[in-house]
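Peer 1: Using only what follows, build the 3D model:
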Amino acid sequence: MTADAVRDDATLVAQAANGSEIAFRTLYRAYVRPVYWLAHGLVGNAADAEDVTQETFLVAWRKLPGMELASDSLLPWLATICRFQSANRIRAQRRERDHSADVDQEALVSTVSVEQQVIGDDLAERILGEVNGLTPLDRDIFRLCTAEGYAYQAAADELGVPHGVVRNRLSRIRTRLRAVVKEGT
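Peer 2: This next block holds a predicted model:
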């Protein structure tokens, strides 16, 4: 890389950090292809690589103020961001696959005859008693996710708690209720 290019990166980073969209666009054009190919190598497909590339530049745009160029090029910094974004994407996909597998497994397990689906008054009372015995947060999670059909993240946002709290607590609630149902049959 030439001295002009180094000066240009440093200048463009400083200008972009001060809010210059033109400077940021210039940096984007200069580095979008290498970032895309790095992302593609990490996530393995074009659609996810495009998303990771866009997320990388979005994070870069947000973090440019206060950033000092530590090397001759902005690329190593962008590559680091890209690696983190790729890892996040891969983890999210893994969680989604695991969750989908759990849901599919629950659907198979819950396939029962119509006679088994109709519950008696005694069992309904025990289930209601179990739900009433939950903590207020657990009752809210149960209501939002089961009665109102909220997804985990939507319920988490509504209640102001992390996604994992909703997922884990709902899993425990379902386990408790399955135990009540098994006792009643």
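Peer 1: When you work out contacts or count neighbours from here on, use the C-alpha atoms and nothing else.
Peer 2: Fine.
Peer 1: Low-confidence bits of this protein, can you list those?
Peer 2: For the chain, the stretches flagged by pLDDT under 70 are 1-7, 70-71, 100-124, 147-148, 184-185.
Peer 1: Residue 149: which element?
Peer 2: Using DSSP states H and E, residue 149 falls within no helix or strand.
Peer 1: Apologies, that question was intended for residue 66.
Peer 2: Per DSSP H and E, there is no helix or strand for residue 66.
Peer 1: Residue ranges of each domain in this structure, please.
Peer 2: Each domain of the chain is listed here as a residue range: 3-93, 111-184, per automatic domain parsing.
Peer 1: Save the ones you listed as TSV, and put in distance to residue 99 too.
Peer 2: Formatted as TSV, the domains of the chain follow (distance: least, C-alpha to C-alpha, whole Å):
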stretch	distance to residue 99
domain 3-93	10
domain 111-184	10
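Peer 1: Among these, show me which one is buried the most.
Peer 2: Among those, the stretch with the highest mean neighbour count (mean count of other C-alpha atoms under 10 Å) is domain 3-93, at a mean of 17.
Peer 1: Check the offset of that domain from the chain's centre.
Peer 2: 21 Å (C-alpha atoms, centre = their mean, to the nearest Å).
Peer 1: Likewise for stretch 131-139?
Peer 2: Relative to its parent chain, stretch 131-139 has a centroid offset of 26 Å by C-alpha atoms, centre = their mean.
Peer 1: Quick one: end-to-end distance for it.
Peer 2: Its start and end residues considered, stretch 131-139 measures 7 Å (C-alpha to C-alpha, to the nearest Å).
Peer 1: List the contacts of it.
Peer 2: 169, 170, 173 (C-alpha atoms under 8 Å, 6 or more residues apart in numbering).
Peer 1: Show me the residues you listed that map onto helices.
Peer 2: Among those, the residues falling in helices (DSSP state H) are 169, 170, 173.
Peer 1: from what I can see the second one touches residue 141, true?
Peer 2: The one in question is residue 170. Yes. Residue 170 is in contact with residue 141 according to C-alpha atoms under 8 Å; the separation is 6.7 Å.
Peer 1: Quick one: residues contacting residue 153.
Peer 2: Going by C-alpha under 8 Å, 6+ apart, residue 153 touches 162, 163, 166.
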